[in-house]
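> predicted model and sequence follow; I will ask about them next.
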Amino acid sequence: KTIRKRLLAKLKQVKIALWKRMHQPLAEVGKWLRRVVQGYFNYHAVPGNLPSLRSFRLEVRKRWLRVIRRRSQRSGMTWELMDRFAAEWLPEPKILHPHPFLRFDAKYPR
């Protein structure tokens, strides 16, 4: 399980960076977010951590939606539209590393 403090710290970094990128094109921000989320998954995607990965992706989507809605006075960004953006730009969480018992089970001839 991901340490809560580490998860919240990364989400805070993402939030600050999203506010700085508020007026960039959505495709550019989407590409950047894909790299951020995939990098997070590459490190934290160990067996048993899938709920934390799903939570991270959902929270990134919430923060991105909030920033998009603040871009103008017209709040035309709905969750349905955000789901399409997320499907296009944000990777789905999946376990990338084998179980530690398998990783550290080294056999050496004696």
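Looks like it arrived, so ask away. Residues are numbered from 1 along each chain as shown.
> apart from its neighbours in sequence, what residue is nearest the residue positioned nearest the centre of the chain?
Nearest residue to the geometric centre of the chain (CA atoms, centre = their mean): Val37, 3.4 Å. What sits nearest to Val37 in space, not counting adjacent residues and going by CB to CB, 6 or more residues apart in numbering, is Leu90, at 5.4 Å. (Glycine included, C-beta is placed from N, CA and C.)
> where does the one you found land on pLDDT?
pLDDT recorded at Leu90 is 97.
> ok, now Val60?
pLDDT, read off for Val60, is 98.
> okay, now the unreliable bits of this protein?
Within the chain, the segments meeting pLDDT under 70 span 74-75, 102-110.
> rewinding a little: give me the contacts around the host helix or strand of the residue nearest to the centre of the chain.
According to DSSP states H and E, Val37 maps onto helix 26-44. For helix 26-44, contacts defined as CB atoms under 8 Å, 6 or more residues apart in numbering pick out 2, 10, 14, 17-18, 21, 52-53, 56-57, 60, 64, 68, 85, 88-91, 93-94, 96.
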